[in-house]
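Q: Dropping the sequence and predicted coords here.
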Amino acid sequence: MVQSIGSTNYTATDLDRFAQELNRDGICVIRALFDRKLVSEWAQAFEKLFRERQNQPGGLAPRELARYYLTLPWVPPFANAEVFANPTILGVLDRVFAQEYLMVQLGADIPVQGSDYQETHRDFRPLFSDQIVTPLYALAVNFPLVEVTPENGPFQMARGTHVLPRDEALFKIATGEIPMESFYMQPGDVIIRTPLALHRGSPNKTCQARPMVVMGYVMHWLHTAKVDLTLQRDYYETLPEKIKQLLRCQVVEQLPKEKVETYVNFKY
């Protein structure tokens, strides 16, 4: 069986390989999954949204110097089941998650000119302790709205650190035993990663923002107080039942005109 939406077709064997990489390294890269035209539509809509949020009190969550996070509204082009319920992405998640899972987050991380290296961090606490390695229970799916280059703040991650105690992993990064790897991406490329792997943002030295979409998926029992999905009822009711069951969301009659970001504390 072949899964496709962009310019590259992926087979069940490919999905098995992505799942193996995700479990082993904490990350997999899926090239050219989304069509560039789709990503361009997102980029244009995002640019307008980012300007609006900059002028709203609390419209952006700070992510250290010259770096921000915002929640994307469930309106076109962002409300797109071909993206958040993409069969290739879900095919990988089906192979990694041991139980039913839910989508809980749709947002974007945005370093702008003047940003620096983030502190190396995790986005989630371990379920129990650093000494107990658990199956993957939360995953972030990222895709950029512009090309990611060495100059505009590539995401950096240390492979395999999701299965190490934090202090041991930081020591191995500091000594160079485990490199902090930069991930360069084209529009249409997708990363799936565990938030438990140690990672950081790097400086954006250009005059253009570098938005990276983040879609969050978790095992059905995981509490996610910091992030939320809010869908307008008329859109929600058009979704197939299987898609509705994928979403942990609040359904409202009308989306709020302004959004105050609550996902402020993000590092562990």
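A: Everything's here; your move. Numbering: from 1, shown residues only.
Q: Look up phi and psi at Met215.
A: Met215 adopts backbone torsions of phi -110, psi 120, taken as degrees, to the nearest 10.
Q: next SSE after the longest strand along the chain?
A: If you go by DSSP state E, the chain has its longest strand at strand 101-111. Downstream of strand 101-111, the first helix or strand assigned by DSSP states H and E is strand 138-144.
Q: got the angle for that next one vs strand 101-111?
A: Here the directions of strand 138-144 and strand 101-111 differ by 40 degrees (axes from the mean of the first three to the mean of the last three CA atoms, to 10 degrees).
Q: Buried ones in strand 138-144, by neighbour count?
A: Buried residues in strand 138-144, defined by neighbour count with 16 or more other CB atoms under 10 Å: 138-144. (Each C-beta comes from the backbone N, C-alpha and C, glycine too.)
Q: What's the local residue count around Arg31?
A: Neighbourhood size, Arg31 [other CB atoms under 10 Å]: 13.
Q: hang on, it packs against Ile191?
A: No - counting by CB atoms under 8 Å, Arg31 stays clear of Ile191, with 10.2 Å between them.
Q: sorry, back to before: and of the buried residues of strand 138-144, the nearest to Leu90?
A: Val141 (9.9 Å; CB to CB).
Q: do you know how far the closest one is from Gln250?
A: As judged by CB to CB, to the nearest Å, Val141 and Gln250 stand 21 Å apart.
Q: And Lys48, by the same measure?
A: For Lys48, the distance to Gln250 - CB to CB - is 24 Å.
Q: Equivalent analysis for Lys172, please.
A: 41 Å.
Q: In terms of neighbours, single out the busier of the two.
A: Between Lys172 and Gln250, Lys172 has the larger neighbour count (other CB under 10 Å), namely 17 against 10.
Q: helix, strand or coil for that one?
A: Reduced to three states with DSSP: H, G, I helix; E, B strand; the rest coil, the structure at Lys172 is helix.
Q: What sits closest to it if chain neighbours are left out?
A: With sequence-adjacent residues excluded and distances taken as CB to CB, 6 or more residues apart in numbering, Lys172 is closest to Ile178, at 4.4 Å.
Q: Can you tell me the SS state at the one you found?
A: Going by three-state DSSP: Ile178 is coil.
Q: list the contacts for it?
A: Going by CB atoms under 8 Å, 6 or more residues apart in numbering, Ile178 touches 158-161, 169, 172.
Q: In a markdown table, list these along with distance to Glu64.
A: As requested, these are arranged in a markdown table below (distance: CB to CB, whole Å):
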| residue | distance to Glu64 |
| --- | --- |
| Ala158 | 19 |
| Arg159 | 23 |
| Gly160 | 25 |
| Thr161 | 20 |
| Ala169 | 20 |
| Lys172 | 24 |
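Q: Among these, which are located in helices?
A: 169, 172 (DSSP state H).
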